[in-house]
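Undergrad: Generate coordinates for the sequence data below:
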Amino acid sequence: MKKSVLFLTAFFFAAASFAQVDVSAGMGINYASNSDLNDYINGNFAYGDKLNSFSTNVEFYGELAYAMSPTFSLGVEYAMSIFSFNNQVAIIYDLTYNLHKPSLVAYYVISGKGYKFKFGGGVGPRFANVVETIHEDKSYSSAGYGFLLRGEGHTGLGGNFYAMVAADMRYDVPGKPKEGDNFLGGDRYGGIEVSQIAFGIKLGVTYTF
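TA: Residues are numbered from 1 along each chain as shown. Down below sits the predicted model:
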């Protein structure tokens, strides 16, 4: 018992001596594939302006990361990506798909004077919101889960500020958005699965203290 207490105490003080907090924020572009949603749009509303297998969406993110040691860090991230499609060839049609992606991320860290590299992965819940306009707006929502892999590079700008560039891969499974008992796409489709795999590049700024 005494040995366990001593070990935990030593671990706590060792972690505290290495403690460092990184606060990051920025935006990026994802190259994402969402086959079910693309098939739904292409089969009903594209009218010659069909979506490719992969399409781009914008992502905004913020992260708070805590360094437990010189080589290990835990982060809590919130990211939101936005995809939209509209076509007014035959009818007024608009679809906006927002995906909220909070995650717990673990990193392996390599650092030196004026630079830092972080490599890791994470998991978290996913929340989708889809607003579809066909004569009128209808809002659909769902919840699920997702995973990510990421590599980051940080370079000093001066003081405690760093420029950051990151690349990641995500697999998100937020389910089938619905409003009450009504799924996106209606009964004919049994609901549209808005899962996606995405590859992203992000730019941002990190403040370390």
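
Undergrad: Name all residues that make contact with the residue nearest to G190 when sequence neighbours are not counted.
TA: Excluding its sequence neighbours, the residue lying closest to G190 (CB to CB, 6 or more residues apart in numbering) is F183, at 6.9 Å. (Glycine included, C-beta is placed from N, CA and C.) By CB atoms under 8 Å, 6 or more residues apart in numbering, the contact list for F183 reads 140, 176-177, 189-192.

Undergrad: Y162 too?
TA: Counted by CB under 8 Å, 6+ apart, Y162 has contacts 116, 154-156, 205-208.

Undergrad: Bridged to it, which residues?
TA: G156, T206 (DSSP bridges).

Undergrad: Assign the closest residue to S35 other than its chain neighbours to helix, strand or coil.
TA: Nearest non-adjacent residue to S35, counting by CB to CB, 6+ apart: S53, 7.4 Å away. At S53 the chain is in coil, as set by DSSP: H, G, I helix; E, B strand; the rest coil.

Undergrad: Same check on D36?
TA: Per three-state DSSP, D36 ends up helix.

Undergrad: neighbours around it, how many?
TA: D36 has 17 neighbouring residues, counting by other CB atoms under 10 Å.

Undergrad: and the gap between it and L203?
TA: 30 Å (CB to CB, to the nearest Å).

Undergrad: With S35 instead?
TA: 28 Å.
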